[in-house]
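In: I would like the atomic coordinates for the input below:
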Amino acid sequence: MIIVGRIFEIVVVSDKVAVIVLRKKMGDKIVPVAISVFGWWKDKALNENKLKPKDKIKGNLYMKSRQWNGKWYTDVYFKEVYLVEPAPVKMGANELFVEDDGFTVDTSSGEVIE
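Out: Below is the predicted model of the structure:
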């Protein structure tokens with residue numbers, strides 16, 4: 001099963017396990033969906049792909065259910081995680097204006113603003 005969504009939060013549980021919380025729209029509401037990722041895929045997602053909140057990802061979802069004390073519990077985890085679209089850049093984060101030697105310079109046009 002494949003799931004696509006924006007990352008709401010990433011919680012690192014241990015050095016081998018992390019939980020990625022996605023924001024999914026169910027009907028009229030936006031609900032959080034927590035999905036575990038562990039082992040090699042955790043390292044690839046967080047260290048190699050450098051996933052962060054607000055990134056849009058696509059992942060192959062696996063589920064495993066088990067019974068404990070008469071109740072059924074289902075674990076949901078990723079085995080494959082891919083970056084679809086990086087998070088949008090914040091306004092002002094790319095520093096259009098740089099101050100150098102008392103002058104402000106527009107980096108896009110090279111114009112000096114006093």
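In: so what's I30 up against?
Out: I30 is in contact with R23, K24, counting by CB atoms under 8 Å, 6 or more residues apart in numbering. From N, CA and C alone the C-beta is placed, and that goes for glycine too.
In: Quick check: buried residues in the one helix or strand L83 maps to?
Out: Using DSSP states H and E, L83 maps to strand 71-85. Within strand 71-85, the residues that qualify as buried are Y77, F78, V81, L83, counting by 16 or more other CB atoms under 10 Å.
In: Pull the CA coordinates from the strand or helix carrying P32 and hand them back as CSV.
Out: According to DSSP H and E, P32 maps onto strand 29-38. Output of strand 29-38 as CSV, limited to C-alpha atoms (Å, rounded to 0.1, in the frame of the first residue of the first chain):
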residue,chain,number,x,y,z
LYS,A,29,-10.8,16.9,8.6
ILE,A,30,-7.1,16.8,8.6
VAL,A,31,-5.9,14.0,10.8
PRO,A,32,-2.4,12.9,11.9
VAL,A,33,-1.1,9.5,10.9
ALA,A,34,1.9,8.1,12.8
ILE,A,35,4.1,5.7,10.9
SER,A,36,7.2,4.0,12.2
VAL,A,37,10.4,3.7,10.2
PHE,A,38,13.4,1.8,11.4
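In: now the angle from that strand to strand 71-85?
Out: Strand 29-38 runs at 90 degrees relative to strand 71-85, counting by axes from the mean of the first three to the mean of the last three CA atoms, to 10 degrees.
In: ok, and for whichever helix or strand comes after strand 29-38, which residues are buried?
Out: Next along the chain after strand 29-38, taking DSSP H and E as the criterion, comes helix 40-43. Across helix 40-43, burial judged by 16+ other CB under 10 Å covers W41, K42.
In: what's the offset of helix 40-43 from the middle of its chain?
Out: 14 Å (CA atoms, centre = their mean, to the nearest Å).
In: any idea how far V84 is from V4?
Out: Relative to V4, V84 is positioned 7 Å away (criterion: CB to CB, to the nearest Å).
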